[in-house]
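> sequence and predicted structure below; questions after.
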Amino acid sequence: MSKLKTIPRVIISHAPTALEPMPQLSKVLNRRLYVKRDDCTGLAGGGNKTRKLEYLVAAAKAANADTLVTVGGVQSNHARQTAAAAAKFGLRCELILEDVKGTPKSDYYKNGNVLLDTILGAKIHWLSEDTDSSEYSATLMAQLTSEGFNPYFIPVGGSNEIGSLGYVQCAREIAQQIAQQTIKPDHIVLSTGSAGTQAGLLAGLILEGLDIKVLGICVSRPAKQQVELVTQLLEKTLILLGLDKSLAQGKVFANGDYYGVGYGVTTDATIEAINLCAQHEGLILDPVYTGKGMSGMIDLCRKDFFAKESTILFLHTGGSQGLFAYQEIFNTSN
Ligand SMILES: Cc1ncc(COP(=O)(O)O)c(C=O)c1O
């Protein structure tokens, strides 16, 4: 019996999110393709962080916090959802937003997620590319405490073993939905960054006794480093659930061929993936995460890495709000 039910949680997500077929894309790529719509978790535009925040906000409340502090890139979806969760639970929110080298700049600092952060009432701390965000975070936490606040720090992407529990929940949902719809996915594909989504999903699948291969498409670092990051967090999550950490062995797979030059910088294949999904499924991806993840899935179908007629479930983790900060990478003249 896992400890999941004993860990404090607040309910935020509109769950279960839909798990639905992608018939047009399936024809194009000659595979049975499904999508799990975690872009529709419901909090200020939705996305994967909402599920993590259910456990992180519960932990913050248990610590009597009055302020959520977190850190991310300027267009962080995690920051936007944290600002929204803070507003929903009557907390203050301070966001430490780091500039990202190589990103398109005309709308980057004002539109997309930043616009929503502002509307949601978060206080933004702007960091240049070369400022050490860990040092800045520690100083800000100490300063807030000295001013009489009780701040709760959420790590980048909400990725610690508490946040990962949100994806243990998601795996439970997937298990129920594929049983109801009699679908047998051979693979789940997702975009992987700070690692909590993949680690939580794997822990949940282990808990459900479901042997589905999960492939993380890296958005920011080479596969070897990503596998290490996910494995460490998976082990911690298993321990928190009262399970043996050795269950992580042989479960973590990542592909580092699709992130291009680095985090936040789109590739041509990202743009192709965004256009393809929009024009064949009416499905809107994002330029930083799901566009890259989908570009990997498309290429791995085309290369027959995924066997013909195999069943693949793409986990849509959200982020389309970021598109409005990236409009200049699309040809919008027609
Ligand atoms: C839209 C979107 N997809 C995927 C991810 C990656 O999830 P994780 O950081 O848990 O690996 C993020 C993280 O910020 C995200 O915003």
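Ah, there it is. Computed from a predicted model, the values in this text were never measured in an experiment.
> surely Ala86 is in contact with Ala122?
Yes. In this structure Ala86 lies within contact range of Ala122 using Cβ atoms under 8 Å: 7.2 Å. All C-beta atoms are positioned from the backbone trio N, CA, C, and that covers glycine.
> which residues are common contacts for these two?
Any residue near both Ala86 and Ala122 by Cβ atoms under 8 Å, 6 or more residues apart in numbering counts here, and that gives Cys93.
> out of those two, which sits in the more crowded spot?
The residue with the greater number of neighbours, taking Ala86 and Ala122 and applying other Cβ atoms under 10 Å, is Ala86; the counts read 28 against 24.
> and the strand or helix carrying Thr231, which residues are buried?
Thr231 belongs to helix 223-240 when elements are defined using DSSP states H and E. Residues of helix 223-240 classed as buried: 223, 226-227, 229-238, 240 (neighbour count, 16 or more other Cβ atoms under 10 Å).
> name the nearest residue to Asn30, sequence neighbours excluded.
Of all residues not flanking Asn30 in the chain, Lys308 sits nearest, at 5.9 Å (Cβ to Cβ, 6 or more residues apart in numbering).
> confirm that that neighbour sits in a helix.
No. When the secondary structure is assigned by DSSP: H, G, I helix; E, B strand; the rest coil, Lys308 falls in coil instead of a helix.
> next, it: phi, psi?
Comment: the main-chain dihedrals of Lys308 come out as phi -60, psi 140, following degrees, to the nearest 10.
> up against the ligand, what does the stretch 51-200 of the chain have?
Asn77, His78, Gly157, Ser159, Ser191, Thr192, Gly193, Ser194, Ala195, Gly196, Thr197, Gln198 (Cβ under 6 Å from any ligand atom).
> picking that back up, from the buried residues of helix 223-240, which is closest to Glu94?
The shortest gap between Glu94 and any of those belongs to Leu233, at 24.5 Å (Cβ to Cβ).
> strands of the stretch 1-150 of the chain, start to end?
Per DSSP state E, counting those that start in this stretch, the stretch 1-150 of the chain carries strands over the ranges 19-21, 32-37, 67-73, 92-98, 123-127.
> centre of the chain to the third one, how far?
Read it as strand 67-73. Its chain's average C-alpha position is 15 Å from that of strand 67-73, according to Cα atoms, centre = their mean, to the nearest Å.
> adding pLDDT and distance to the ligand, write the buried residues of helix 223-240 out as TSV.
Supplementary listing: those in TSV, determined by pLDDT from 0 to 100; distance: Cβ to the nearest ligand atom, whole Å:
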residue	pLDDT	distance to the ligand
Ala223	98	14
Gln226	98	9
Val227	98	13
Leu229	98	9
Val230	98	8
Thr231	98	13
Gln232	98	13
Leu233	98	9
Leu234	98	12
Glu235	98	16
Lys236	98	14
Thr237	98	12
Leu238	98	17
Leu240	97	16
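> from the residues you listed, which two are the most distant?
For the buried residues of helix 223-240, the farthest-apart pair by Cβ to Cβ is Ala223 and Leu240; their separation is 25.6 Å.
> low-confidence stretches in this structure?
Under the criterion pLDDT under 70, the flagged ranges of the chain are 1, 332-334.
> that one: helices as residue ranges?
For the chain, the helices defined by DSSP state H occupy 23-29, 49-62, 77-88, 112-119, 133-146, 161-180, 196-208, 223-240, 268-281, 290-302.
> having no further points to raise, I will conclude here.
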